[in-house]
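A.B. asks: dropping the sequence and predicted coords here.
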Amino acid sequence: MSGSADTYYCPMCPGQEQPAPGDCKVCGMALVQAFRLGTEDNSARESLIARKRFVTAAVLTAPVLALAMTADLAPSLALRESIGGWWNACLGIPACIVTFGPARILLERGARSIVAMRLNMFSLLALGILASLFVSGWSVLLPSSVPEALLHHGHPPLYFEAAATIATLALFGQWLEARSTRATGDALRCVLALAPKTVSVLRDQRETEMPLHDVSVGMHFRVRAGDRVALDGVVLEGESAVDESMLTGEPIPKRKAAGDTVIGGSLNVEGTLVVTATATGNDGFLADIAKCVTSAQSSRTAAQDLADSISALFVPLVLLLACGAAAGWYLFADSNASANALSAFIAILVVACPCALGLATPMAVTVAAGCAAREGILFRDVGVMERLAKSDLFVFDKTGTLSDGHPSIASISYAPGFLAPEVLLLAASAETGSTHPAARSLVQYAVSQEISCVSATEFVSIAGRGVRAIVLGKQVVVGNRTLAQLASPHALPETVGTSVFVVIDGAHAATIQLQDAPAHNANAVIESLQRDGVTTMLATGDNPSGATAFLRAAAIDESKMEIRAQLLPQEKATLISALRQGGAIVSFIGDGVNDTAALLRADAGISVKGASDAASAAAAIQLLRKDVALVLHARAIARTLSSTIRQNLALAFGYNLVAIPIAAGALYPLFHRMTDPMIAALAMSVSSFLVIANSLRQRRAHRS
């Protein structure tokens, strides 16, 4: 994908690109504009247009259905004769408005697919709509030419309601498609929103505000405390702690000083930095994530391939059967050859209209979505439900998913000669003036040990390193290894994971081990998946020792759960792609901006409550409660849904296997009459009812 502003691509069909808006030549869906910084997102407008089409069609179709059902239920009332031509107008005019108004886009896509000889679902939809409308129009405009065999209680066949209903259901699907495209745009916007729109650029000792897209490599810009770093760069002056957790998954801010690299979109916690830009807005860290998000959309699922294959075969097969049946009756029938041929042709087209096929997936999804919402789970589309049900590898991010997302005290090792209560009192009191997450954790831990902090004097916060203060007349230093070594002449113990050292009056007093506390049910979720034959993996931006310590703290058997540590966002996305290429069906559970590309690369991307806006928008499944056990509930619902969809498709196609031969005249030798097209329309309605009833069974399966 070129990524230029003039490139439009199909998310479902890799390689389908063109320099202007339009429809995919393979599947017929609307093309999406490729990512480029500064381009205007028009997905909201497309979603609004799709919704207006559906609402307009639904409003016009409702009275058509009501009137048609009235006549079908009471044909003996001769309602059409009493109303006369107004009856046909009441049915035909709204149906024609629906067909050639809001549903015109379906006909256009169907026509293009036929001209290009690439038959798809739009071909089927266009055929069903036009066939129903043509027969109805013929009956109204030329009633005297309609064969007597086709009359129903003396009335010509009318299928206006079928044409309008098929069109309305198809437009509903197009609206869902547009909403999905809008959701992807939300993910991109959330990623790019991390970078400020303007940058404080330094030129000739003067500071000026400049638009982000005008900043070039080599320019110097200032980042104040509380601001986000505008672009990737190298620190030229200053010292601070920079929070990169939204980008890298590492929960503890990192110390940044002259010569260190910073990432565009990260948050400067304290202090002021002067940074030299090493990338522009179009090729920096955030831009790379956004491009990964865009390219991740170009994946196809087995279900999509199967749907296209079925449509490509079903449409010509129905036409062939209809023409073959008509030709057979015309050539070989002894009497009423023309009437029987025409009856068979129309009945096959009507009975094969894709109402049940169109309802098979949307109805099952609607019911499943309701069940999921009651559990606190949101699904974006049917494809992800299907993939989640089949997933054999679940990859978990650590921070905020299997953990609570906040650093906590894992252990404290006290040096010989120091008493635990005294050290904890001095260290926590020194940290009361700091806003660092590790400092807050230490203070909270002291409170939990019933230790009351006292006031500290001469408090100094050293950005990215720790604090120094006088507490009860003692010089107390709490910080990382670099700060502790400056305060103590003695060697510090070697540690693994994230450690904080306490130095009192120049002597090492304690080592505090930090970790992200595991979720209370993390172990149960992993064990449940493993018992079900699913492989689990931990993918984190944390270091290997920290990841291993976390699994031990969560009581998760590390020999059964593979660890991939110190992964950058692009590396997570690459990992997911490699696992999928290896044959695995991958579900990825994450919550940070750094997880955005991986969430979309996965077969099923799942975000948890509290996730970043970008991760929530990118994930196809959202957990609305801070409970990783919802992953199990989501999988159970997805499995039931996948089974229901297969059953619905079997009902829809099984119905066609039985109904089409009957419509072609298979029962004529027994009853000596052709299938009435009205009976064919009724059979089509019954097939839709069966699909709806089967879909509703999911409610019983997932009642709380």
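C.D. replies: Looks like it arrived, so ask away.
A.B. asks: what is the neighbour count of the nearest residue to Pro518 once chain neighbours are set aside?
C.D. replies: Among residues not flanking Pro518 along the chain, Ala554 sits closest, at 3.4 Å (C-beta to C-beta, 6 or more residues apart in numbering). Every C-beta, even on glycine, is put in place using the N, C-alpha and C of the backbone. By the criterion of other C-beta atoms under 10 Å, Ala554 has 23 neighbours.
A.B. asks: roughly how far does Ala554 sit from Ala614?
C.D. replies: Here Ala554 is placed at a distance of 26 Å from Ala614 (C-beta to C-beta, to the nearest Å).
A.B. asks: in the stretch 501-650 of the chain, which spans are strands?
C.D. replies: Residue ranges of the strands in the stretch 501-650 of the chain, as given by DSSP state E, counting those that start in this stretch, are 507-518, 535-539, 561-564, 586-590, 604-607, 621-623.
A.B. asks: and the longest one, which strands flank it?
C.D. replies: Translated: strand 507-518. Strand 507-518 pairs in its sheet with strand 403-414 (antiparallel), strand 498-504 (antiparallel), by DSSP bridges.
A.B. asks: so the protein: which segments form each domain?
C.D. replies: For the chain, the structural domains run 35-195, 198-280, 380-403+519-636, 405-517, going by automatic domain parsing.
A.B. asks: I'd assumed Glu558 was in contact with Thr548.
C.D. replies: Yes. Between Thr548 and Glu558 there is a contact under C-beta atoms under 8 Å: 6.0 Å.
A.B. asks: are there residues contacting both of those two? Which ones?
C.D. replies: Here Thr548 and Glu558 share no contacting residue, scored by C-beta atoms under 8 Å, 6 or more residues apart in numbering.
A.B. asks: returning to that earlier point: which ones are touching the residue nearest to Pro518?
C.D. replies: With C-beta under 8 Å, 6+ apart, Ala554 has these contacts: Leu402, Pro518, Ala519, Ala522, Asn523.
A.B. asks: most neighbours among these, which one is it?
C.D. replies: Leu402 (27 neighbours).
A.B. asks: so how far is Glu209 from Leu231?
C.D. replies: 14 Å.
A.B. asks: how about Lys609: what's its closest non-neighbour residue?
C.D. replies: Nearest non-adjacent residue to Lys609 (C-beta to C-beta, 6+ apart): Lys626, at 4.5 Å.
A.B. asks: neighbours of that neighbour, how many?
C.D. replies: Applying other C-beta under 10 Å, we find 17 residues neighbouring Lys626.
A.B. asks: gap between it and Ala614?
C.D. replies: For Lys626 relative to Ala614 (C-beta to C-beta), the value is 18 Å.
A.B. asks: follow-up on the earlier one: now tabulate the strands of the stretch 501-650 of the chain in CSV and tack on distance to Pro407 and mean pLDDT.
C.D. replies: Formatted as CSV, the strands of the stretch 501-650 of the chain follow (distance: least, C-beta to C-beta, whole Å; pLDDT from 0 to 100):
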stretch, distance to Pro407, mean pLDDT
strand 507-518, 5, 86
strand 535-539, 17, 94
strand 561-564, 19, 92
strand 586-590, 18, 93
strand 604-607, 21, 92
strand 621-623, 22, 85
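A.B. asks: tell me where the stretch 401-550 of the chain has helices.
C.D. replies: Taking DSSP state H, counting those that start in this stretch to define them, one finds helices in the stretch 401-550 of the chain at 420-431, 437-448, 481-487, 522-531, 544-553.
A.B. asks: okay, the first one in PDB with CA atoms only?
C.D. replies: Which is helix 420-431. Output of helix 420-431 as PDB, limited to C-alpha atoms (Å, rounded to 0.1, in the frame of the first residue of the first chain):
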ATOM      1  CA  ALA A 420      12.000  -2.900  59.100                       C
ATOM      2  CA  PRO A 421       9.500  -0.400  60.800                       C
ATOM      3  CA  GLU A 422      12.200   2.300  61.100                       C
ATOM      4  CA  VAL A 423      13.300   2.000  57.400                       C
ATOM      5  CA  LEU A 424       9.700   1.900  56.100                       C
ATOM      6  CA  LEU A 425       8.800   5.000  58.200                       C
ATOM      7  CA  LEU A 426      11.800   7.000  56.900                       C
ATOM      8  CA  ALA A 427      11.500   5.900  53.300                       C
ATOM      9  CA  ALA A 428       7.700   6.400  53.100                       C
ATOM     10  CA  SER A 429       8.000   9.800  54.800                       C
ATOM     11  CA  ALA A 430      10.600  10.900  52.300                       C
ATOM     12  CA  GLU A 431       8.400   9.800  49.400                       C
END
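A.B. asks: roughly how far out does it sit from the chain middle?
C.D. replies: 47 Å (C-alpha atoms, centre = their mean, to the nearest Å).
A.B. asks: buried residues in that helix, which are they?
C.D. replies: Val423, Leu424, Leu425, Leu426, Ala427, Ala428, Ser429, Ala430, Glu431 (16 or more other C-beta atoms under 10 Å).
A.B. asks: now the helices of the stretch 401-550 of the chain as TSV including mean pLDDT and distance to Ile512?
C.D. replies: Below are those laid out as TSV (pLDDT from 0 to 100; distance: least, C-beta to C-beta, whole Å):
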stretch	mean pLDDT	distance to Ile512
helix 420-431	92	8
helix 437-448	86	7
helix 481-487	87	11
helix 522-531	93	23
helix 544-553	82	13
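A.B. asks: among those, show me which one is buried the most.
C.D. replies: Mean neighbour count (mean count of other C-beta atoms under 10 Å) peaks for helix 420-431 among those, with a mean of 23.
A.B. asks: low-confidence ranges in the stretch 51-200 of the chain?
C.D. replies: Residues of the stretch 51-200 of the chain meeting the criterion pLDDT under 70: 68-89, 119-121, 124, 128, 143-159, 173, 176-193.
A.B. asks: can you check the stretch 551-700 of the chain too?
C.D. replies: For the stretch 551-700 of the chain, the stretches with pLDDT under 70 are 611-613, 675-685, 688.
A.B. asks: in it, which spans are helices?
C.D. replies: 569-581, 596-601, 613-618, 630-663, 668-671, 677-701.
A.B. asks: just checking, what packs against the third one?
C.D. replies: Read it as helix 613-618. Helices and strands touching helix 613-618, by 3 or more C-beta pairs under 8 Å, 6 or more residues apart in numbering; DSSP states H and E, are helix 160-192, helix 596-601, strand 604-607.
A.B. asks: show me what the last one is packed up against.
C.D. replies: Packed against strand 604-607, as judged by 3+ C-beta pairs under 8 Å, 6+ apart, are the following elements: helix 382-390, strand 586-590, helix 596-601, helix 613-618, strand 621-623, helix 630-663.
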